[in-house]
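# next input, structure requested:
(chains A and B, ligands or ions: 3)
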Amino acid sequence: MVTNDTIGPRGRRSNRRFRERGGVSVYPATFEYFAPTSVDEALDTLERFGDEAKVLAGGQSLIPLMKLRIAAPSALVDIGRIDGLDALEERDGRLEIGALVTHADCEKSDLLRGRYGVLGATAPLVSDPIVRNRGTVCGSVAHADPQGDWGSALLALGAEVVAQGPDGERAIPLEDFCSGPFMTALEPAEIVTSIRTADPGPRAGGTYLKLERKVGDFATVGVAVHVSLDNGTIGRAGIALTGVGPTNVKATAAEDALAGAAPDDDAIAEAARLAAEAAQPLDDVRGSAEYKRNVVRVYTERGLRTAIAAAQS
Amino acid sequence: MAVQEAVVTTPLTVTVNGQERAEEVETRLLLVHFLRETLGLTGTHVGCDTTSCGACTVLVDGTPMKSCTMFAVQAEGRELTTVEGLEGAGGPPPIQEAFSAEHGLQCGFCTPGMMLTSIALLEQSPSPTDEEIRWAISGNVCRCTGYQNIVKAVHHAAAAMKEGS
Ligand SMILES: Cc1cc2nc3c(=O)[nH]c(=O)nc-3n(C[C@H](O)[C@H](O)[C@H](O)COP(=O)(O)OP(=O)(O)OC[C@H]3O[C@@H](n4cnc5c(N)ncnc54)[C@H](O)[C@@H]3O)c2cc1C
Ligand code: FES
Ligand code: FES
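Residues are numbered from 1 along each chain as shown, chains lettered A, B, ... in the order given. Ligands and ions are numbered 1, 2, ... in the order given. Predicted coordinates for the structure are as follows:
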């Protein structure tokens, strides 16, 4: 049965033309919908459908793709009704972000200041306020968009993805999680239940700087910076870049140059130069590669100053 | 030859503007189409259909959400407020009066979404600053007003609601 009659004004208007062409509308393909109330129940359904099924969290990336039929899963497993996945809490000095924690939850949380400042600075820059009410941090990481902001923030801070599958739970270091644009180490029957950060230590700070054309736009360039101080010198620095590579880019050479260094102008300038070198920008509508690389340098320098000042205060 | 697609439906019960509605819906039905077509509540608009403009904003348990980017089935058991639900008992509600008084609309296409987002803001912050208002409505696009009068309207509504309470 052709169901164009039920799918809205646009579908209806072009109904006859669609039928003549033998096409279907631009609305999502049919799927079976499951709203499990436990992780085990969700895993059962995922196993049954294999790679035909998709997890639905906030839907702010998946539903747009389904409307364009770039994604057409035959089953959706909505994890939104599972209890216990919405916790945002500190445990043993590490922050745990449950699968249902939204961007807006992070924006409002006092926990995400100070030592976790890189996350606190990121939250209000993700998308727009209404999308932030639904979209989740874990969904964003699972989606692995190279222009996703959370990937960079969490790489800079240090984090692992906690996933549950038929064989139990495993923790995947975030560095090993993304294998390419929109590709992750996740198995089809695995659910990300939380993201767990590293312990930033007592004297730490961070920030996220994002160049965007307008609210709700993806980053032209984003730079996430985290610094943990150790007796006045830099113990560990984390720098990661958004929008300038096939995945979020960890600027490892810049991080290594800062480790053990005094937090002075020379160290900051050198790290900024190395971060710019790590970027792999392309010319596109948002700007030239040369411009973006320079923004990485400038933002890394600014970000480091802010992060160091925050860690020292 | 027409492409045949199976129809998968599921029962749905939601409260819309205080009234419980139970319908059998297709799983793939977007919330905005459930509101506009199944229930005939056409005050919720479709602007971009790509999650960018906020014209389709409705309140789900009091929180603004883009109904073009939510399946109707995801609203099971929730309380929805659309622009129709803003109707006051004794005439137009303060938010609508304020948009009219301050000329906060021209074509009116963005207005339902703007008003619902504003209501949610005023719920949390009864005397918002200019900056708070601009921040809150930054996911709602208006191509007519230049926003200035919308900001004024939200201040106007804030004052009226304080007086009324
Ligand atoms: C207009 C607009 C602007 C945006 N701007 C930005 C931006 O500036 N920066 C940015 O970073 N993002 C942006 N986004 C994306 C947004 O942040 C999404 O919320 C996010 O990418 C996905 O989270 P979600 O919860 O909505 O996931 P969904 O859309 O539900 O899922 C996305 C993908 O991840 C999978 N998935 C989700 N959760 C899990 C889980 N727990 N376990 C396993 N797999 C899972 C799904 O199967 C799907 O493949 C924007 C989106 C829109 C619509
Ligand atoms: S129609 Fe939903 S955001 Fe534009
Ligand atoms: S009044 Fe026309 S879009 Fe806002």
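# which residues of the stretch 151-300 of chain A fall in strands?
Secondary structure of the stretch 151-300 of chain A by DSSP state E, counting those that start in this stretch: the strands cover A:159-165, A:168-173, A:178-180, A:183-184, A:191-197, A:204-211, A:221-230, A:233-242, A:249-250.
# revised request: answer the last question for chain B.
B:9-16, B:19-26, B:57-60, B:63-66, B:79-81 (DSSP state E).
# ok, and the helix or strand in chain A with the lowest average confidence?
The weakest-scoring helix or strand in chain A, judged by mean pLDDT, DSSP states H and E, is helix A:9-13 (a mean of 40).
# tell me the buried residues in stretch B:56-66?
Using 16 or more other C-beta atoms under 10 Å in any protein chain shown as the test for burial, stretch B:56-66 gives B:56, B:57, B:58, B:59, B:60, B:64, B:65, B:66. In this view, the C-beta of every residue, glycine as well, is placed from N, C-alpha and C.
# distance of the third one from residue B:79?
Going back to what we said before, that points to residue B:58. 11 Å (C-beta to C-beta, to the nearest Å).
# excluding its backbone neighbours, what's nearest residue B:22?
Counting by C-beta to C-beta, 6 or more residues apart in numbering or on different chains, residue B:22 lies nearest to residue B:13, which is 4.6 Å off, once chain neighbours are set aside.
# that neighbour: neighbour count?
Neighbourhood size, residue B:13 [other C-beta atoms under 10 Å in any protein chain shown]: 12.
# what residues are up against it?
Each residue near residue B:13 by C-beta atoms under 8 Å, 6 or more residues apart in numbering or on different chains is listed here: B:20, B:21, B:22, B:76, B:77.
# got the contact list for the residue positioned nearest the centre of chain B?
Nearest to the geometric centre of chain B sits residue B:58, at 3.0 Å (C-alpha atoms, centre = their mean). Contact partners of residue B:58, counting by C-beta under 8 Å, 6+ apart, are B:31, B:32, B:35, B:44, B:64, B:65, B:67, B:80, B:81, B:82, B:116.
# do stretch A:244-259 and ligand 1 meet?
No - applying C-beta under 6 Å from any ligand atom, one finds stretch A:244-259 out of contact with ligand 1, separated by at least 9.7 Å.
# let me redo that: stretch A:123-134
Yes - with C-beta under 6 Å from any ligand atom as the measure, stretch A:123-134 is seen reaching ligand 1 through A:126, A:127, A:131.
# which residues touch the closest residue to the second one other than its chain neighbours?
Yep, that's residue A:127 we're talking about. Counting by C-beta to C-beta, 6+ apart, the nearest residue to residue A:127 once its immediate chain neighbours are dropped is residue A:216, at 5.6 Å. Counting by C-beta under 8 Å, 6+ apart, residue A:216 touches A:127, A:128, A:131, B:52, B:138, B:139.
# next, residue A:216: phi, psi?
Taking degrees, to the nearest 10, you get phi 90, psi -10 for the backbone angles of residue A:216.
# so what's it scoring on pLDDT?
On the pLDDT scale, residue A:216 is placed at 90.
# for stretch A:296-309, buried residues please.
A:296, A:297, A:299, A:300, A:301, A:302, A:303, A:304, A:306, A:307, A:308.
# before we move on, what about stretch A:99-111?
A:99, A:100, A:101, A:102, A:103, A:104, A:105, A:106, A:107, A:109, A:111.
# verify the contact between the fifth one and residue A:141 for me.
Read that as residue A:103. No - between residue A:103 and residue A:141 there is no contact under C-beta atoms under 8 Å: 11.9 Å.
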